[in-house]
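got a sequence here, can you model it:
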Amino acid sequence: MRVVLLFALVACVHTKTPETFVRMERTGCYGPCLVYTLTLYADGAVRYHGKFNVPTGTKWRTIAPAQVAHLMDEAERVPEWRCDPKLVKPEQPGAIITVSRDGKVTRRFEHNSGDPCAPDVSPELESDIDVDAGLTSFLGK
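A predicted model of the protein is given here:
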């Protein structure tokens, strides 16, 4: 609880909408995968937090609120799926996407690149979040 409260207090400095966001957490793999979190708030504030194989630490930038609204809507439309765990390749990178509206999580899913059952829209959404958030500017590219 304290960690969530601390995160909300820090986010309030940069955003007026700390409880309405789409977040993508890129997870690790067995290789040199990029591990970071992007949180795009409804007011257009974007929080990058780099963990491994990327510039580490927290950085902020701003995008159009309409871009965030579009990504939130797209994430909520990703269909549910299930896959036999034996078919998923855990050594592949993954992403956890969460949508929160006014503090209530409306959609959360985890996609592993080695999941043959995942809908095609999931990797597309991940790419759209990276591009719209301006990931390359955080990575210094």
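
please count neighbours and contacts with C-alpha atoms only from this point.
Will do.

and L135, how many residues sit next to it?
Burial measure for L135: 17 neighbouring residues, criterion other CA atoms under 10 Å.

now it: how far from R107?
L135 sits at a distance of 22 Å from R107 (criterion: CA to CA, to the nearest Å).

can you check P85 too?
21 Å.

can you classify the residue most central in space within the chain as helix, strand or coil?
Residue closest to the average C-alpha location in the chain (CA atoms, centre = their mean): M24, at 0.8 Å. Put simply, M24 is strand when judged by DSSP: H, G, I helix; E, B strand; the rest coil.

what pLDDT does it get?
pLDDT, M24: 97.

what's the spacing between the nearest residue to it once chain neighbours are set aside and T37?
Using CA to CA, 6 or more residues apart in numbering and skipping residues adjacent in sequence, the residue nearest M24 is I97, 4.5 Å away. Between I97 and T37 the computed distance is 10 Å (CA to CA).

pretty sure P123 is in a helix, no?
Yes. Counting by three-state DSSP, P123 is located in a helix.

show me the contacts for it.
Residues near P123 by CA atoms under 8 Å, 6 or more residues apart in numbering: S113.

any idea of the pLDDT on it?
P123 is assigned 87 on the pLDDT scale.

how about the one 10 residues further on?
According to the model's per-residue confidence, A133 sits at a pLDDT of 97.

count of residues packed around it?
26.

and the nearest residue to it once chain neighbours are set aside, how many residues sit next to it?
Once flanking residues are discounted, A133 sits nearest to V46: 6.4 Å by CA to CA, 6+ apart. Using other CA under 10 Å, V46 has 26 neighbouring residues.
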